[in-house]
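A.B. asks: Below are the sequence and a predicted model; questions follow.
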Amino acid sequence: MGTATIQVRVLAVAGRRVWVAVSGTLCAATLRVLHYSLCARVTDERTHFYLDLNSVHWDKNLPAAELPRLLPAGGRLRFHIVGAHDGFRTPLGADERCRFHSDVASAWAAWSRQP
C-alpha cells in the first residue's frame, strides 16, 4: 500500500477570494494537511475559498463525520465546494458557510459576481 498524498494549488486570487485546486487522496492524514493549508491562507483579506475537489479521491476508511474538521473555524469565512464527491454534501451541508457547486462553470459564475 502506498502513502496517501494531497496537493493544494492556488489557481487564482482576487479581492477576498481564493480559488484552490486540490488533488490526491483525502484520508485522516491528508485531511489534517489540507486543513492546515487552508488555515494558512485565511487572512483579513482572504475570506472566500473556492475549493475545487474534482481531482480528490475520498479514502473509504475516512469517516464522513471527520469531514467538518477540514474547514477552518470562523464565522466570516465562506467555502464554495466545487465538484466534490456526493458524500461531502451531508457532513459539510450542515455548515451554513458552505455552498456547493456541481461543476467549475457554476462556481466560476459565482466567483465572477463577487467584488
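C.D. replies: Looks like it arrived, so ask away.

A.B. asks: Tell me which residues touch residue 59, please.
C.D. replies: Contact analysis of residue 59 by Cβ atoms under 8 Å, 6 or more residues apart in numbering lists 4, 25-28. (Each C-beta comes from the backbone N, C-alpha and C, glycine too.)

A.B. asks: Take those residues and write them to a markdown table, including neighbour count and distance to residue 72.
C.D. replies: Rendered in a markdown table, the data for the contacts of residue 59 read as follows (neighbours: other Cβ atoms under 10 Å; distance: Cβ to Cβ, whole Å):
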| residue | neighbour count | distance to residue 72 |
| --- | --- | --- |
| 4 | 18 | 21 |
| 25 | 16 | 21 |
| 26 | 24 | 16 |
| 27 | 20 | 19 |
| 28 | 13 | 18 |
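
A.B. asks: which ones among these are found in helices?
C.D. replies: residue 28 (DSSP state H).

A.B. asks: Dump the contacts of residue 59 to CSV, plus distance to residue 62 and pLDDT.
C.D. replies: What follows is the contacts of residue 59, written out as CSV (distance: Cβ to Cβ, whole Å; pLDDT from 0 to 100):
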residue, distance to residue 62, pLDDT
4, 10, 85
25, 9, 94
26, 6, 94
27, 5, 93
28, 6, 92
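
A.B. asks: which one of the contacts of residue 59 sits closest to residue 78?
C.D. replies: residue 26 (20.7 Å; Cβ to Cβ).

A.B. asks: what about that closest one, distance to residue 85?
C.D. replies: Here residue 26 is placed at a distance of 9 Å from residue 85 (Cβ to Cβ, to the nearest Å).

A.B. asks: Give me the common contacts of the two.
C.D. replies: Joint contacts of residue 26 and residue 85 (Cβ under 8 Å, 6+ apart) are 56, 58.

A.B. asks: and of the contacts of residue 59, the nearest to residue 53?
C.D. replies: residue 26 (8.1 Å).

A.B. asks: show me what contacts the closest one?
C.D. replies: Residue 26 neighbours (Cβ under 8 Å, 6+ apart): 6, 34, 56-59, 62.
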